[in-house]
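>>> fold the stuff below for me.
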Amino acid sequence: HLATSLPLPSKRDHLRPRIDLVVFMIDIKSKYSLKNVETSLAHVDASYFLGKVCFLVTGVGRVNACSIETNAICKLGEAYGSPVLFCELELEGIRVATAQRLLRMLQICAGHVAGVSALSFVSLMRNSDD
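Numbering: from 1, shown residues only. Below is the predicted model:
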């Protein structure tokens, strides 16, 4: 399910499936994109930041067209204890690899990978970044 911003409309709450992973997409070429994500973050329950939120930054292949500093996005990930994935959606190989990575994260967050919780997965990602 996709949403352009949060909060989600409440009129269909009873029909909405359980949310296992929240992926905030940020277009590095658009300052509005980052502002929209920052505004939407206030509408996410704090418990989701325990391994069920990530930031997906698109458009990183064109450094000269960037409107947002990657450092600002990394700080956002650090502030919310959530991983930041960088990708270029126009390159098929990177797009496929990113989709596979997100799918694996979703499987973990939904509890479909034995012995790995969303929280332990995020802490492993954090340790590998350090």
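
>>> just give me the longest helix of this protein.
helix 92-109 (DSSP state H).

>>> who are the packing partners of that helix?
strand 53-58, strand 84-87, helix 118-129 (3 or more CB pairs under 8 Å, 6 or more residues apart in numbering; DSSP states H and E). All C-beta atoms are positioned from the backbone trio N, CA, C, and that covers glycine.

>>> would JSON lines of these with distance to residue 29, mean pLDDT and mean neighbour count be doable?
Output for the helices and strands packed on helix 92-109, formatted as JSON lines (distance: least, CB to CB, whole Å; pLDDT from 0 to 100; neighbours: other CB atoms under 10 Å):
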{"stretch": "strand 53-58", "distance to residue 29": "9", "mean pLDDT": "94", "mean neighbour count": "22"}
{"stretch": "strand 84-87", "distance to residue 29": "13", "mean pLDDT": "92", "mean neighbour count": "19"}
{"stretch": "helix 118-129", "distance to residue 29": "24", "mean pLDDT": "66", "mean neighbour count": "14"}
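
>>> spatially nearest residue to residue 31 (excluding sequence neighbours)?
If the residues on either side of it in the chain are set aside, residue 31 comes closest to residue 67, at 4.9 Å by CB to CB, 6 or more residues apart in numbering.
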